[in-house]
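> coords please:
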Amino acid sequence: MGNIVNADTPEFKTFIEGCQKLISNRFEVSFPNLDIPTLKHNNGRRYYRIERIDNQTSVHAFIDRTNGDVLKAAGWKAPAKHARGNIFDKSNGLDRMTSTGPAYLK
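Okay, the predicted model is just below:
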């Protein structure tokens with residue numbers, strides 16, 4: 001069994017900070033006149049929903065609380081199948097992340 005994830009886990013915090021940095025870098029270069037969106041997490045029974053907040057709120061990614069898998073959103077309430085990374089791997093799950101969320105599978 002994998003590591004149990006909570007919001008105080010250092011890997012979770014590093015993942016959120018890394019995603020925020022990706023978004024900030026993208027907006028500073030491509031959209032310097034717009035406000036930079038912020039990320040927050042919302043607790044669920046099985047997943048943390050990472051929400052991106054700008055002029056609206058959308059889902060940035062999901063984190064599986066049981067093992068740290070990073071998942072793309074299938075909708076507001078549920079993740080897509082197949083993990084895009086894991087917050088406990090060497091890249092902290094950020095190697096498949098973009099400023100808009102997890103990358104598509106190849």
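> how much space between the most far-flung residue of the chain relative to its centre and Leu39?
Centroid-distance maximum for the chain: Asn33 at 24.1 Å, with CA atoms, centre = their mean. Asn33 is 21 Å from Leu39, where distance means CB to CB, to the nearest Å. Yep, even glycine has a C-beta here, placed from its N, CA and C like the rest.
> quick one, what contacts the residue nearest the centre of the chain?
By CA atoms, centre = their mean, the chain has its centre lying nearest to Ala61, at 4.1 Å. Shown in contact with Ala61 (CB atoms under 8 Å, 6 or more residues apart in numbering): 19, 50, 70-73, 84, 97, 101-102.
> Report whether it is found in a strand, as I expect.
Yes - note on Ala61: a strand contains this position according to DSSP: H, G, I helix; E, B strand; the rest coil.
> What distance do you get for it to Pro32?
Taken as CB to CB, the span from Ala61 to Pro32 is 25 Å.
> try Asn25
12 Å.
> which of these two has more neighbours?
Using other CB atoms under 10 Å, the more surrounded residue of Asn25 and Pro32 is Asn25, with 12 against 8.
> List the contacts of that one.
Ser99.
> helix or strand for it, which one?
Element membership for Asn25 (DSSP states H and E) is helix 10-30.
> Verify the stated contact: Pro79 with Val70.
No - contact criterion CB atoms under 8 Å: Pro79 and Val70 do not qualify, at 9.1 Å.
> Mind listing what's buried along the helix holding Asn25?
Buried positions in helix 10-30, judged by neighbour count with 16 or more other CB atoms under 10 Å: 11-12, 15-16, 19-20, 22-23, 27.
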